[in-house]
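>>> What would the 3D arrangement of this be:
(2 chains)
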Amino acid sequence: DSGVTQTPKHLITATGQRVTLRCSPRSGDLSVYWYQQSLDQGLQFLIQYYNGEERAKGNILERFSAQQFPDLHSELNLSSLELGDSALYFCASSVEQREVHEQYFGPGTRLTVT
Amino acid sequence: ELKVEQNPLFLSMQEGKNYTIYCNYSTTSDRLYWYRQDPGKSLESLFVLLSNGAVKQEGRLMASLDTKARLSTLHITAAVHDLSATYFCAVDPWTGNLIFGKGTKLSVKP
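Numbering: from 1, shown residues only, chains lettered A, B, ... in the order given. The predicted structure is shown next:
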């Protein structure tokens, strides 16, 4: 158990819908990262937040957005869902943004779009 | 664009044998990570390599980093079935986020 929690574990929804994935980082970690894992694209970095501020963006679609709240939990919002958005979404956390610390991964949310 | 290439992508080994997984990356970095993922599970951190020449060992796994060659290796000694999993290397290109290789799916058979 990494100490990073994600809810829900599974999500099944229809195309065109909107969902919110939630992540709570390890106690004391200020950085939260979101990754998408799919069979064809592999593990891709989506976005990073540090202490409430967006710090880095990766291959995140415009239909996706995220935020980090004052209590440091983060939410990833996915809208106008398409079949291709079906994937495993991981949240990871680390202590500081640019220090060399390991990223600890949560259990993931498996999203299925039908 | 930073690229991280692992090979092989699939590896079928017999128990007791040795093998090496290679991870090449295309930009300057001295921060490299190895993760393990079991089917349907999360990523478990195995090794953090932070400098040229770094070598770390845990049980039957040993990881090394050559930043000049932009190469990391994960060596498996006397493989056992419990090591069957997918292994990922990931590079931090000084931005904090990780760029992952495609993973090496390891299957250890008796």
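
>>> Model confidence for A:Asp40, exactly?
A:Asp40 carries a pLDDT value of 85.

>>> same question but for A:Gln48, I mixed them up
A:Gln48 is given a pLDDT of 93.

>>> what do you get for the one 3 residues further on?
Per-residue pLDDT puts A:Asn51 at 92.

>>> so how far is A:Pro25 from it?
As judged by CB to CB, to the nearest Å, A:Asn51 and A:Pro25 stand 11 Å apart. Backbone N, C-alpha and C define where each C-beta goes, glycine included.

>>> Tell me the residues of chain A that contact chain B?
A:2, A:31, A:33, A:35, A:42-45, A:48, A:55-56, A:58, A:90, A:92, A:94, A:97-98, A:100, A:102-108 (CB under 8 Å from any CB of the partner chain).

>>> from the residues you listed, which ones fall inside strands?
A:31, A:33, A:35, A:42-45, A:48, A:55-56, A:90, A:92, A:94, A:104-105 (DSSP state E).

>>> Among those residues, the buried ones, what's the PyMOL command?
Applying 16 or more other CB atoms under 10 Å in any protein chain shown to these leaves a buried subset, and the PyMOL line that selects it is:
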select buried, chain A and resi 31+33+35+43+44+45+48+55+56+90+92+94+104+105
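
>>> Contacts only, for residue 53.
Picking chain A for this. A:Gln68 (CB atoms under 8 Å, 6 or more residues apart in numbering or on different chains).

>>> um, chain B though
Counted by CB under 8 Å, 6+ apart, B:Gly53 has contacts B:64-66.

>>> neighbour-wise, which of A:Asn51 and A:Pro25 wins?
A:Pro25 (27 against 13; other CB atoms under 10 Å in any protein chain shown).

>>> so how far is A:Tyr50 from the closest residue to the more buried one other than its chain neighbours?
Distances taken as CB to CB, 6 or more residues apart in numbering or on different chains place A:Ser93 nearest to A:Pro25, at 3.3 Å, with adjacent residues excluded. From A:Ser93 across to A:Tyr50, the span is 10 Å (CB to CB).
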